[in-house]
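>>> Sequence and computational prediction follow.
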Amino acid sequence: MAEDNNKEYKSGFVAILGRPNVGKSTIMNHMVGMKIAAVSRRAQTTRKMIQTVYTDDRGQIVFLDTPGINKAETKLGEFMLDSAVDTLKTADMILWIIEPSNFIGAGERMIAELIGKTIRNVRKKNPDSLPVFLVINKSDTAEEEVIEKTKELYDSYMFDNEQVHFDNMMNVSAKKEDNLDLLMQSIFNALPVGPMYFDEDTVTDETEREIAAEYIREKCLRNLDKEIPHGIAVMIDKMRERPDGRIIDIDATIICEKESHKGIIIGKNGSMLKKIGSEARKEIEDLLEIKVNLKLWVKVRPGWRDKSTYLKEYGYK
């Protein structure tokens with residue numbers, strides 16, 4: 001796709017911030033038209049920054065999906081928070097995703113603090129840079145008066161005796177795909193004129209192995225109860241296409257923290273592990289457009305979320 005010299009080609013890096021489980025990854029996946037990030041109702045579904053790319057005739061948006069911002073209680077939690085903070089340093093624009101609410105909670109105040117510090121540092125050099133959008137997701141679950149009350153609350157919110165300024169405030173529903181086209185156009189309107197950073201066919205810098213691991217972890221999140229999903233990591237041990245080109249063999253290991261959790265993940269007669277594997281395999285086949293032979297194992301690594309060597313081994317660097 002050649003850039004049209006008669007039009008302004010817009011581009012930039014857009015950081016997506018928010019508390020856990022507000023729908024950041026769902027919005028991003030819909031915007032780029034492909035499921036890249038794991039999605040579930042569990043907190044900490046996104047654990048590291050995931051970069052995706054949307055390109056059309058208007059320009060190119062590089063979305064930076066960050067982990068849900070929350071108080072860190074483990075080294076993994078510290079990594080996740082650092083990942084979100086570091087992402088802000090490279091962003092040209094911020095999307096702050098929230099839910100309809102009649103109050104501003106501690107999690108939102110923490111995010112406001114991070115955004116406020118970033119804005120002040122950036123706008124000292126360029127007062128017109130780093131636009132910030134407030135995006136109210138899940139608007140289909142609330143009455144219009146609640147949504148308007150949410151906008152009023154945030155529009156008048158004071159941070160360190162300064163009013164947080166939003167360049168746009170809008171409500172969307174990622175689940176029903178309401179107003180996502182409008183959000184996309186608004187992002188293009190706010191971005192500066194710039195180059196094409198990636199080839200037009202690029203959707204993400206995540207490898208197929210990394211996306212496959214995300215799919216498997218997502219199925220663990222969706223199928224397992226209580227605290228078990230928070231202590232799970234997934235490693236792709238082997239991913240190899242057979243000589244005839246008809247099947248890809250994938251071996252993966254699900255890491256957990258306790259022997260009791262291992263038994264639950266496997267399930268009676270292996271039923272839970274089979275369910276996780278079957279659901280993940282279907283999505284991986286859709287991604288790779290080839291038949292997949294997926295084999296899963298489960299290993300116990302006590303306290304891995306607080307051990308730097310394990311964090312690095314499992315991709316949290």
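Sure thing, it's come through.

>>> ranges for the strands of the stretch 201-317 of the chain?
Secondary structure of the stretch 201-317 of the chain, counting by DSSP state E, counting those that start in this stretch: strands at 233-241, 247-256, 291-300.

>>> Export those to CSV and append columns for mean neighbour count, distance to R58 and mean pLDDT.
All C-beta atoms are positioned from the backbone trio N, CA, C, and that covers glycine. As requested, the strands of the stretch 201-317 of the chain are arranged in CSV below (neighbours: other CB atoms under 10 Å; distance: least, CB to CB, whole Å; pLDDT from 0 to 100):
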stretch, mean neighbour count, distance to R58, mean pLDDT
strand 233-241, 16, 35, 95
strand 247-256, 20, 36, 96
strand 291-300, 16, 36, 97
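
>>> so which of the ones you listed gets nearest K317?
Checking those against K317 by CB to CB gives strand 233-241 as the closest, at 13.0 Å.

>>> ok and that closest one relative to strand 247-256, angle-wise?
Orientation check (axes from the mean of the first three to the mean of the last three CA atoms, to 10 degrees): strand 233-241 against strand 247-256 gives 170 degrees.

>>> Relative to N171, how far out is E99?
Distance check for E99 against N171: by CB to CB, to the nearest Å, it reads 10 Å.

>>> Mutual contacts of these two, please.
Residues touching both E99 and N171 by CB atoms under 8 Å, 6 or more residues apart in numbering: I136, N137.

>>> out of these two, which sits in the more crowded spot?
The residue with more neighbours, out of E99 and N171, is N171; 22 against 17, by other CB atoms under 10 Å.

>>> these two touch, right, that one and I147?
Yes - contact criterion CB atoms under 8 Å: N171 and I147 qualify, at 5.2 Å.

>>> re earlier: using a markdown table, lay out the strands of the stretch 201-317 of the chain together with distance to S25.
Formatted as a markdown table, the strands of the stretch 201-317 of the chain follow (distance: least, CB to CB, whole Å):
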| stretch | distance to S25 |
| --- | --- |
| strand 233-241 | 16 |
| strand 247-256 | 20 |
| strand 291-300 | 22 |
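
>>> Tell me how many other residues crowd H165.
Other residues near H165 come to 11 when the count uses other CB under 10 Å.

>>> Which strand residues bridge the residue lying closest to it once chain neighbours are set aside?
Among residues not flanking H165 along the chain, V132 sits closest, at 7.2 Å (CB to CB, 6 or more residues apart in numbering). Going by DSSP bridges, V132 is paired in beta bridges with I94.

>>> Enumerate the positions of the helix or strand harbouring T118 that are buried.
Using DSSP states H and E, T118 maps to helix 106-125. Neighbour counts using 16 or more other CB atoms under 10 Å place G107, E108, I111, A112, L114, I115, G116, T118, I119, V122 of helix 106-125 among the buried residues.

>>> Show me how far that helix is from its chain's centre.
Mean-position distance between helix 106-125 and its chain equals 20 Å (CA atoms, centre = their mean, to the nearest Å).

>>> So which other helices or strands are in contact with that helix?
Applying 3 or more CB pairs under 8 Å, 6 or more residues apart in numbering; DSSP states H and E, one finds that helix 106-125 contacts strand 10-18, helix 75-90, strand 93-98, strand 158-159.

>>> State the mean pLDDT of the first one.
Per-residue pLDDT over strand 10-18 has a mean of 93.

>>> Please find the angle between the direction vectors of the helix or strand just after that strand and strand 93-98.
Under the assignment DSSP H and E, the closest C-terminal helix or strand after strand 10-18 is helix 24-32. Helix 24-32 and strand 93-98 are oriented at 130 degrees to each other (the same axes, to 10 degrees).
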